[in-house]
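Peer 1: Quick one, what's the 3D model for this:
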Amino acid sequence: MKVSILTVVYNGAATIRHSIESVLGQDYPDIEYIIVDGNSKDGTQDIVRSYGDKIARFLSEPDAGIYDAMNKGIQLATGDVIGILNADDFYAYPSVVSEVAEALASSNADASYGDLEYIDANDATVVRRKWVSGAYKVGAFLNGWMPPHPTFFVKKEVYNTHGRFRLDLGSAADYELMLRFVHRENIKLAYLPKVLVKMRAGGVSNSTLKNRIAANQNDRLAWKINNLKPRFYTLWLKPLRKIIQFI
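Peer 2: Numbers count the residues shown, from 1 in each chain. Below you'll find the predicted structure:
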């Protein structure tokens, strides 16, 4: 089983090396690493190129945002499974990809996911939040559930069959994609009950009240465009679930 790992980046010189090293340090033998850069101007391109052919594909050109870049990477990927690691995130330990591949193979699942830790932006040893996903139950999206997208590994055939990221939903594009795959199309999931990815604290969708309101509106639109109907409390429970993640 070949696994493609995709990192998208724009002016990420401060953190991209850590992300790259966490991928190159994986013990799984068949990884294709793809980096899509939005034409960075801060030295990111030089850092990526310094790794030479350890990076299977490197594309640097202007894009229409992070999800456009992700779609480009998905199109380039030749692996059976695709994982997306953000430019300021890193894998928690060297056998993450091996364990994901084993979980997918043994369960015949279409996708897998795990848990995630939010760490301090300046000190990776300080954990700010821990996102424990829990095993998926049918209908969980109705109760505000979603898996952490950086831990979401998906077979490429799922993208080929059910589509890629929409570009009209802002920061809710990853939520809509998982809603579509899991809740609407009922793909089979495998859950790894451990922290797979560490993410530096932050995030556009939650940084201000204005952004949170916009994110809620886009979450509602995600249901509508999939011809799905949430319960009256679904999209209020989604942000409230984050409260219990703080340590």
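
Peer 1: CA only for contacts and neighbour counts going forward, please
Peer 2: Noted.

Peer 1: Mind telling me which residue is nearest the centre of this protein?
Peer 2: Nearest to the geometric centre of the chain sits residue 150, at 2.8 Å (Cα atoms, centre = their mean).

Peer 1: quick one: contacts for that one?
Peer 2: Contact analysis of residue 150 by Cα atoms under 8 Å, 6 or more residues apart in numbering lists 83-86, 197.

Peer 1: now for the top helix by length along the chain, which elements pack on it?
Peer 2: Ordering each helix of the chain by length in residues (DSSP state H) puts helix 209-225 first. When contacts are defined as 3 or more Cα pairs under 8 Å, 6 or more residues apart in numbering; DSSP states H and E, helix 209-225 packs onto helix 173-178, helix 234-240.

Peer 1: Can you list the buried residues in that helix?
Peer 2: 212, 214-216, 218-223 (16 or more other Cα atoms under 10 Å).

Peer 1: next one: stretch 52-62
Peer 2: In stretch 52-62, counting by 16+ other Cα under 10 Å, buried: 55, 57-60.

Peer 1: May I have the distance across that stretch, first residue to last?
Peer 2: 22 Å (Cα to Cα, to the nearest Å).

Peer 1: I would like the residues contacting that stretch, please.
Peer 2: Contacts of stretch 52-62 (Cα under 8 Å, 6+ apart): 24, 32-40, 45, 48.

Peer 1: Kindly recompute the last result at 7 Å.
Peer 2: Residues from elsewhere that reach stretch 52-62 (Cα atoms under 7 Å, 6 or more residues apart in numbering): 32-39.

Peer 1: could you give the mean pLDDT of that stretch?
Peer 2: In this model, stretch 52-62 carries a mean pLDDT of 98.

Peer 1: and residue 128, what element?
Peer 2: strand 127-131 (DSSP states H and E).

Peer 1: Would you mind pulling up the elements that that strand packs against?
Peer 2: Packing partners of strand 127-131 (3 or more Cα pairs under 7 Å, 6 or more residues apart in numbering; DSSP states H and E): strand 111-119.

Peer 1: Now do the strand it packs on against strand 127-131, angle only.
Peer 2: Compare the direction of strand 111-119 with that of strand 127-131 by axes from the mean of the first three to the mean of the last three Cα atoms, to 10 degrees and you get 160 degrees.

Peer 1: Check which residues of strand 111-119 are buried.
Peer 2: Neighbour-count burial for strand 111-119, counted by 16+ other Cα under 10 Å, picks out 111-119.
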